[in-house]
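1. This is a predicted model, with the sequence first.
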Amino acid sequence: MTAARAEAGAAQIAECGRILVERAGFRPRVHLILGSGLGGLAARVRDPVTVTFGDLPGFPDTSVESHAGEFVLGHIAGVPVVVQSGRFHVYEGYGSGIVLAPVRTGRAAGARIVVLTNAAGGIRSDLVPGSLMLVDDHLNAMFRAPLAGPTHEHEERFPDMSRPYDPALLSLAEAAALEAGIALPRGVYGAVHGPSFETPAEVRALRTAGADAVGMSTVPEVLAARAGGQRALAISAITNRAAGLGLEPVDHTAVMTYASVAGRTLESLLETLLPSMATSVK
């Protein structure tokens with residue numbers, strides 16, 4: 001990544017949003033961000049228009065396997081969406097301007113709701129590989145302040161985080177899960193820097209602090225979404241037992257296998273959820 005592509009400023013974000021709308025021919029209502037191994041939902045988009053990250057000013061290509069690095073615009077269950085397949089992570093060495101560029105681009109394109117998914121390790125005993133967790137709060141253990149520095153255009157300096165995940169959307173997700181026959185317990189997501197998996201001692205510390213699952217993303221994007229006035233929902237696909245809680249070492253290949261299993265369930269849930277979510281947009 002060259003220095004010229006090291007950040008994505010307000011003017012570039014506005015241009016990125018314009019490009020998405022111009023190519024799609026509509027403004028999306030919902031921005032879906034797909035985590036590691038969860039890119040299958042992009043294939044369910046009707047009449048898709050694909051814009052790769054490399055096509056957008058200020059966006060580098062993603063460097064993580066299983067992260068395609070593209071926006072797919074179209075409709076799912078009749079709802080106009082922008083599906084983001086892949087994301088940028090703090091552990092890749094990017095600054096906040098890059099990590100937060102995709103969520104800001106979705107907002108510039110018109111999305112008022114952000115749905116984030118991620119692959120996470122289960123800490124609570126019921127969160128086993130292949131299951132889902134509805135995030136109702138988070139614990140930021142990344143030791144990074146994504147919103148530090150100059151205030152980004154159209155974002156609050158001090159966003160309220162007393163309810164980071166929209167209560168109405170949480171209720172809609174639970175209703176959709178009940179309708180689809182999918183178990184969807186609530187829990188707290190602990191975000192760590194990565195890219196190494198956690199040690200058993202770190203997992204014990206996270207559990208003591210109140211985390212039910214652990215991953216390496218989502219929290220910076222939620223902070224930016226809330227600062228920009230968007231409503232946020234997040235669902236974790238549990239891909240492994242966190243370090244020290246399972247019989248086997250944590251392995252990325254196994255994580256991707258369970259991400260695919262949980263991903264199929266998550267895709268069905270989101271298709272059921274999207275129509276009611278879209279009508280809730282004010």
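-> Yes, it's here.

2. What's the separation between the nearest residue to residue 192 once chain neighbours are set aside and residue 278?
-> Closest residue to residue 192 apart from its sequence neighbours, by CB to CB, 6 or more residues apart in numbering: residue 141 at 5.1 Å. Using the backbone N, CA and C atoms, a C-beta is placed for each residue, glycine as well. Distance from residue 141 to residue 278, counting by CB to CB, to the nearest Å: 33 Å.

3. The residue nearest to residue 192: neighbour count?
-> 18 (other CB atoms under 10 Å).

4. For it, give me its contacts.
-> Residues near residue 141 by CB atoms under 8 Å, 6 or more residues apart in numbering: 190-193, 206, 209, 211.

5. Spatially central residue in this protein, please.
-> residue 116 (2.9 Å; CA atoms, centre = their mean).

6. Torsion angles phi and psi at that residue?
-> phi -110, psi 140 (degrees, to the nearest 10).

7. got it, and residue 56?
-> phi -110, psi 140.

8. can you pull the contacts of it?
-> Going by CB under 8 Å, 6+ apart, residue 56 touches 15-16, 19, 105.

9. Report the distance from the top helix by length along the chain to the chain centre.
-> For the chain, the longest helix by residue count, based on DSSP state H, is helix 252-279. Put simply, helix 252-279 sits 12 Å off its chain's centre (CA atoms, centre = their mean, to the nearest Å).

10. Surely residue 114 is in a helix?
-> No: looking at residue 114 with DSSP: H, G, I helix; E, B strand; the rest coil, it is strand, so not inside a helix.

11. Can you read off the pLDDT for it?
-> pLDDT for residue 114: 98.

12. That one: neighbour count?
-> Close neighbours of residue 114, defined as other CB under 10 Å, add up to 27.

13. do residue 265 as well
-> Neighbour number of residue 265 under other CB under 10 Å is 19.

14. and it, what does it touch?
-> Contacts of residue 265 by CB under 8 Å, 6+ apart are 130, 132, 182.

15. For residue 99, state which of those residues is nearest.
-> residue 132 (24.3 Å; CB to CB).

16. Can you name the residues that contact that closest one?
-> 182-184, 235-238, 262, 265-266, 269.

17. circling back to that earlier point, going by neighbour count, list what's buried in the longest helix of the chain.
-> 252, 255-263, 265-274, 276-278 (16 or more other CB atoms under 10 Å).

18. Could you do stretch 145-163 as well?
-> Buried, per 16+ other CB under 10 Å, within stretch 145-163: 146-147, 152, 155, 159.

19. Now render those residues as CSV, adding secondary structure and distance to residue 165.
-> Below are these laid out as CSV (DSSP: H, G, I helix; E, B strand; the rest coil; distance: CB to CB, whole Å):
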residue, secondary structure, distance to residue 165
146, coil, 17
147, coil, 17
152, coil, 21
155, coil, 18
159, coil, 13
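
20. Just put these in JSON lines and tack on pLDDT and distance to residue 56.
-> Formatted as JSON lines, those follow (pLDDT from 0 to 100; distance: CB to CB, whole Å):
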{"residue": "146", "pLDDT": "89", "distance to residue 56": "20"}
{"residue": "147", "pLDDT": "92", "distance to residue 56": "22"}
{"residue": "152", "pLDDT": "89", "distance to residue 56": "17"}
{"residue": "155", "pLDDT": "94", "distance to residue 56": "19"}
{"residue": "159", "pLDDT": "94", "distance to residue 56": "25"}
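
21. I'd like the residues you listed written out as CSV, with distance to residue 40 added.
-> Below are those laid out as CSV (distance: CB to CB, whole Å):
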residue, distance to residue 40
146, 28
147, 31
152, 32
155, 31
159, 32
